[in-house]
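Participant: Need the 3D shape of this:
(chains A, B, C and D)
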2 protein chains.
Amino acid sequence: MTSVEEPARSNGRTRDAARTQAEILDVATQEFARVGFAGARVDDIAARTSTTKRMIYYYFGGKEQLFTAVLERAYGVIRDAEQELDVEHLDPVAAIRRLAELTFDHHEQHPDFIRLVSIENIHGAEHIAASEKLGRIGSPALDVIRRILESGQKSGLFTADVDAVDLHAMISSFCFFRVSNRHTFGALFGRDLVDPAQREHYRAMLGDMVIAYLTAPRAED
Amino acid sequence: MTSVEEPARSNGRTRDAARTQAEILDVATQEFARVGFAGARVDDIAARTSTTKRMIYYYFGGKEQLFTAVLERAYGVIRDAEQELDVEHLDPVAAIRRLAELTFDHHEQHPDFIRLVSIENIHGAEHIAASEKLGRIGSPALDVIRRILESGQKSGLFTADVDAVDLHAMISSFCFFRVSNRHTFGALFGRDLVDPAQREHYRAMLGDMVIAYLTAPRAED
DNA sequence: ACTAATGTACGAACTGGTGAGTTAGTAATA
DNA sequence: TATTACTAACTCACCAGTTCGTACATTAGT
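Facilitator: Predicted structure coming up:
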């Protein structure tokens, strides 16, 4: 009850621009992922940080740029994770299966990222298009797929006529849908695609699907 | 059957509750699909109709209920389409491929529906959950898949251990992702998944994938 | 002392929703 | 047929609360 006018020393927090920005990004990521871009409230985001709304405008300029910054950081995380991929010591079949499993795991572990991407798609990917940072971001995973695919096709193990981008789309679609459409799918068909008890089932299903596709005997014509 | 008591509505100028409601739903569908639930403006929706905002509240009660009504109608369309499925005269392999192709086509032809479902997932499917109409809507496609699957498994043609819901998820994920994630995927990897020139390629890819998975030789253990 | 970092208070524009009144269609009645 | 009574369909103007953004004051670190 020290009713003496206490200087705004609420917590022993020192000034730290990087820390403040990171905190804003953390909260903004949660909020945007939770309710979308238009649904998110700048005041709410500010209220959940230890700083003020003014700082959001000071550091990011506006709601739109804040969302872009959130996207940039989220994509940065996944790119960093992809850079740690280490599957090329395996034979092509095992490598692809392992890669699919890692994609599966990563999607499951980052539902907020999935939601952000869904939201960005609703907005026609306009923030990605406007971002220099995201414009020419390479995909390490794509490079890995490309090499494995080439090796598997050269040895005749892989018969399918796909390139790395297509295979990446195939793997991603399954992993992404499972998380992104969890709610409507569950509500309509009574099955939770992210039920932990079913996790191994769907993980194996993905691997089986991709390998079956890549190695299936082709019809000659 | 020239019914005399048919209300005279030669042009759209006369009063017609059903017509007004349908017009509101049409416009609302476009708007919600375009900018999401929170992004949509009731005033804008009203302005694009030939009636007024007050009518939206008169007929639907509010923005939330309007969105639910939009969803209900959108799901009704897809259910009606599924009811016209006629593939069971084909052998299991051909039937599944045809079903996958029809799903592929339907997704491609209804991008607004895809967007609405994406939006509803951002909202945790709360509108579907709250809707009596959508709560216990059966899926004709699921019944068809179930029968084909059973037939194919009984004959030993299909070796995969999946049920109809899982297979539906697999097919849907590919078709849905291709449309829903078109923009981010295109921006990041420089490939338009909905490019008409690539349409047949992806359509075949889906069928090949599903059939390869269902008929792949299983490892005995 | 100087500047980057931060906080407070405020406002113009917007947004979902509503109150109150009007018009068109219809059916019963005279 | 003409009048009346009634209701569904509709319009307009406005409110109460919200929302993004900013002007201005203040503080901490060097």
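Participant: roughly how far is stretch A:85-97 from the heart of the chain?
Facilitator: Here the centre of stretch A:85-97 is set off from its chain's centre by 22 Å, with Cα atoms, centre = their mean, to the nearest Å.
Participant: got the buried residues for that stretch?
Facilitator: A:Leu85, A:Val87, A:Pro92, A:Val93, A:Ala95, A:Ile96, A:Arg97 (16 or more other Cβ atoms under 10 Å in any protein chain shown). Placement of C-beta: from N, CA and C, glycine included.
Participant: Need the mean per-residue confidence for it.
Facilitator: The pLDDT scores in stretch A:85-97 average 95.
Participant: List the buried residues of the helix or strand of chain A with the lowest mean pLDDT.
Facilitator: Of all regular secondary-structure elements in chain A, judged by mean pLDDT, DSSP states H and E, the least confident is helix A:132-135 with a mean of 84. By neighbour count with 16+ other Cβ under 10 Å, helix A:132-135 contains the buried residues A:Leu134.
Participant: if we look at the next helix or strand after that helix, which residues are touching it?
Facilitator: Per DSSP states H and E, the first helix or strand lying C-terminal to helix A:132-135 is helix A:140-154. Helix A:140-154 is contacted by residues A:79, A:82-83, A:85, A:87-88, A:92-93, A:95-96, A:99, A:103, A:158, A:162-165, A:167-168, A:214, B:189 when judged by Cβ atoms under 8 Å, 6 or more residues apart in numbering or on different chains.
Participant: so, in contact with DNA strand D or not, the helix or strand harbouring A:Phe37?
Facilitator: According to DSSP H and E, A:Phe37 maps onto helix A:17-39. No. Remark: helix A:17-39 sits outside contact range of DNA strand D, by Cβ under 7 Å from any atom of the strand, the gap being at least 7.7 Å.
Participant: Counting by contacts, list what that helix packs against.
Facilitator: Packing contacts for helix A:17-39, counted by 3 or more Cβ pairs under 8 Å, 6 or more residues apart in numbering or on different chains; DSSP states H and E, involve helix A:42-47, helix A:53-60, helix A:63-83, helix A:111-122, helix B:17-39, helix B:111-122.
Participant: and the angle from the second one to helix A:17-39?
Facilitator: Translated: helix A:53-60. 100 degrees (axes from the mean of the first three to the mean of the last three Cα atoms, to 10 degrees).
Participant: roughly how far out does helix A:53-60 sit from the chain middle?
Facilitator: Centre-to-centre, helix A:53-60 and its host chain are 25 Å apart (Cα atoms, centre = their mean).
Participant: can you check the first one too?
Facilitator: Average the C-alpha atoms of helix A:42-47, do the same for its chain, and the two points are 24 Å apart (Cα atoms, centre = their mean).
Participant: is any part of that helix close to chain B?
Facilitator: No. Applying Cβ under 8 Å from any Cβ of the partner chain, one finds helix A:42-47 out of contact with chain B, separated by at least 12.5 Å.
Participant: Not counting its own residues, what contacts that helix?
Facilitator: A:Ile24, A:Val27, A:Ala28, A:Glu31, A:Thr52, A:Lys53, A:Met55, A:Ile56, A:Lys63, A:Leu66.
Participant: filter those to the buried ones?
Facilitator: A:Ile24, A:Val27, A:Ala28, A:Glu31, A:Lys53, A:Met55, A:Ile56, A:Lys63, A:Leu66.
Participant: okay if I get those residues as a markdown table plus pLDDT?
Facilitator: Listed next are the buried ones among the contacts of helix A:42-47 as a markdown table, based on pLDDT from 0 to 100:
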| residue | pLDDT |
| --- | --- |
| A:Ile24 | 96 |
| A:Val27 | 96 |
| A:Ala28 | 97 |
| A:Glu31 | 97 |
| A:Lys53 | 94 |
| A:Met55 | 94 |
| A:Ile56 | 95 |
| A:Lys63 | 96 |
| A:Leu66 | 96 |
